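Chemist: just the structure for this:
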Amino acid sequence: MAPPDLRPQPPRECAVLRIFFSGEDIARTRVAPADPVWELVLSLHLLQGRSGDPVMAGWRRDVSRALRRDSGSRDLRLLFALNPPRGYFPDFLTPYNSLQGFEAGLAAVRATPPEILHRDLTLLAAEKPLPPTASALARGEPEMLQQLTDSMEHYRDVAIAPYWERIQAAVEADRTRRARALLDGGAEALLTSLRPAMQWESGVLRVLDYPARRELHLDGRGLLLVPSFFCARTPVALVDPTLPPVLVYPVDRLRGLAPSPEAGAGRASAPAGGRDALAALLGRTRAAVLEVVDGGCSTGEVARRLGISAAAASQHATVLRNAGLLVSHRDRNTVLHTLTPLGRAMLDQS
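Modeler: Presented below is the predicted three-dimensional model:
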């Protein structure tokens with residue numbers, strides 16, 4: 001037996017996804033709103049995984065309990081099999097058309113060509129066993145495609161729809177951050193703002209700690225950035241390089257998805273603070289803060305626009321945040337506030 005090599009070894013390079021941009025690609029890069037199909041698919045991975053993330057523990061527990069009680073959940077076996085907690089999952093489940101809404105996304109799934117279904121399911125079957133119904137799906141049988149999208153809709157009703165406002169609020173808060181970066185420094189500043197999970201330098205966006213070494217050349221198509229509540233720590237890209245380039249990345253999950261005590265698993269919770277916090281909103285200054293925050297602004301900007309101290313602006317923002325009307329995100333020395341769907345609805349009705 002040869003003696004062990006005790007010489008210092010060079011550090012192992014982590015796998016990285018490198019996305020190559022031209023000037024045209026930078027100009028065509030944009031940030032999508034909350035995508036219901038991507039959220040559905042990524043939530044399936046999170047639900048089946050073993051993550052100890054305390055922010056999502058309540059959601060996982062309650063959704064799992066609701067699915068066990070639901071007789072219709074027996075039809076979800078294929079959907080869960082197509083979305084394992086780790087590794088490859090089929091590109092056809094997250095069509096580009098889902099940008100137009102959940103129904104448009106399901107229609108695109110049903111319209112997937114048989115050759116694409118066969119290719120994607122062959123890749124998946126090489127990594128894990130699939131139920132017998134996957135063979136009919138791989139052949140593109142319309143009844144099986146309909147059954148798959150029916151199961152997606154059923155799962156959405158249990159696991160996504162009751163929490164959709166919270167999901168949208170987190171995604172919109174992230175989009176506001178990216179919009180401000182774009183306004184302040186252009187498209188390259190937007191790409192730079194994606195740190196620390198990604199690094200932008202000299203026309204290349206490096207996605208760190210990616211599952212495999214890979215290169216994606218945009219070739220003038222631009223990049224659609226999809227902020228996602230259910231995306232885990234590592235951003236996700238489609239496997240097929242011929243599809244419109246998409247990069248899904250995680251957003252801050254704010255206060256998570258804790259359900260309300262009276263609603264159980266089927267309803268999203270009322271924000272902490274409840275009626276007491278909402279009662280504290282009565283008054284002109286806080287109503288003015290709510291209006292100023294529409295579109296997103298920092299604590300300092302709130303203070304300047306309303307002619308109040310930064311401390312007072314921060315205090316009013318805290319009350320509004322506790323009432324579930326705005327969310328706050330710290331970026332280095334700046335705290336950016338944006339409205340939640342509830343806050344926007346209240347503002348629209350005033």
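Chemist: hey, let's count contacts and neighbours off CA atoms from now on
Modeler: Fine.
Chemist: how is this protein partitioned into domains?
Modeler: 17-33+165-250, 36-164, 271-349 (automatic domain parsing).
Chemist: same list (the ones you listed) but as JSON lines, adding mean neighbour count.
Modeler: What follows is those, written out as JSON lines (neighbours: other Cα atoms under 10 Å):
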{"stretch": "domain 17-33+165-250", "mean neighbour count": "18"}
{"stretch": "domain 36-164", "mean neighbour count": "17"}
{"stretch": "domain 271-349", "mean neighbour count": "17"}
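Chemist: the ones you listed into a markdown table, with extra columns for mean pLDDT?
Modeler: Conversion of the domains of the chain to a markdown table gives the following (pLDDT from 0 to 100):
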| stretch | mean pLDDT |
| --- | --- |
| domain 17-33+165-250 | 93 |
| domain 36-164 | 93 |
| domain 271-349 | 77 |
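Chemist: how far away is residue 81 from residue 89?
Modeler: Using Cα to Cα, to the nearest Å, residue 81 is found at 9 Å from residue 89.
Chemist: so which residues of the chain form helices?
Modeler: If DSSP state H is used as the criterion, the helices of the chain fall at 23-27, 36-48, 54-69, 77-81, 102-110, 114-125, 133-138, 142-159, 164-192, 274-279, 284-293, 299-306, 310-322, 341-349.
Chemist: so which of these is nearest residue 94?
Modeler: Each of the helices of the chain was checked against residue 94 via Cα to Cα, and the shortest separation belongs to helix 36-48, namely 5.9 Å.
Chemist: distance between the closest one and the chain's centre?
Modeler: Averaging C-alpha coordinates over helix 36-48 and over its chain gives two centres that are 9 Å apart (Cα atoms, centre = their mean, to the nearest Å).
Chemist: report the inter-axis angle for it versus helix 164-192.
Modeler: For helix 36-48 and helix 164-192, the angle between their directions (axes from the mean of the first three to the mean of the last three Cα atoms, to 10 degrees) works out to 100 degrees.
Chemist: so what does helix 36-48 touch, helix or strand wise?
Modeler: helix 102-110, helix 142-159 (3 or more Cα pairs under 8 Å, 6 or more residues apart in numbering; DSSP states H and E).
Chemist: give me the contact list for the shortest one.
Modeler: With Cα atoms under 8 Å, 6 or more residues apart in numbering as the test, helix 102-110 has contacts from 35-37, 92-99, 142, 145-146, 149.
Chemist: next one: it to chain centre, how far?
Modeler: For helix 102-110, the distance between its averaged C-alpha position and the chain's averaged C-alpha position is 18 Å (Cα atoms, centre = their mean).
Chemist: same question for the last one.
Modeler: Relative to the chain's own centre, helix 142-159 is displaced by 20 Å; criterion: Cα atoms, centre = their mean.
Chemist: quick one: that helix to helix 102-110, angle?
Modeler: With the same axes, to 10 degrees as the basis, helix 142-159 and helix 102-110 are set at 150 degrees to each other.
Chemist: now tell me what touches helix 142-159 from outside.
Modeler: Residues outside helix 142-159 that contact it (Cα under 8 Å, 6+ apart) are 40, 63, 66-67, 72-73, 75-76, 78-79, 106, 109-110, 133, 136-137, 265-266.
Chemist: tell me what angle that helix forms with helix 114-125.
Modeler: Relative orientation of helix 142-159 and helix 114-125, computed by the same axes, to 10 degrees: 60 degrees.
Chemist: ok, the shortest one next?
Modeler: Our comparison of helix 102-110 with helix 114-125, counting by the same axes, to 10 degrees, yields an angle of 90 degrees.
Chemist: can you pull the contacts of the closest residue to residue 43 other than its chain neighbours?
Modeler: Here the nearest residue to residue 43 in space, its sequence neighbours aside, is residue 230; by Cα to Cα, 6 or more residues apart in numbering that works out to 5.3 Å. The contact partners of residue 230, by Cα under 8 Å, 6+ apart, come to 39, 42-43, 46, 250.
Chemist: roughly how far apart are residue 105 and residue 92?
Modeler: 10 Å.
Chemist: re earlier: would you turn the helices of the chain into TSV with distance to residue 221?
Modeler: Formatted as TSV, the entries for the helices of the chain read as follows, by distance: least, Cα to Cα, whole Å:
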stretch	distance to residue 221
helix 23-27	6
helix 36-48	20
helix 54-69	35
helix 77-81	31
helix 102-110	20
helix 114-125	21
helix 133-138	29
helix 142-159	29
helix 164-192	15
helix 274-279	46
helix 284-293	34
helix 299-306	36
helix 310-322	39
helix 341-349	32
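Chemist: so which of these comes closest to residue 333?
Modeler: Comparison of the helices of the chain against residue 333 by Cα to Cα identifies helix 299-306 as nearest, at 10.6 Å.
Chemist: list the contacts of the closest one.
Modeler: For helix 299-306, the surrounding residues in contact (Cα under 8 Å, 6+ apart) are 288-289, 292-293, 309-310, 312-314, 317, 334-337.
Chemist: next, the angle from that helix to helix 284-293.
Modeler: With the same axes, to 10 degrees as the criterion, the two stretches helix 299-306 and helix 284-293 enclose an angle of 120 degrees.
Chemist: show me the contacts for residue 136.
Modeler: Residue 136 touches residue 144, counting by Cα under 8 Å, 6+ apart.
Chemist: same thing but at 6 Å, please
Modeler: Shown here is residue 136, which makes no contacts under the criterion Cα atoms under 6 Å, 6 or more residues apart in numbering.
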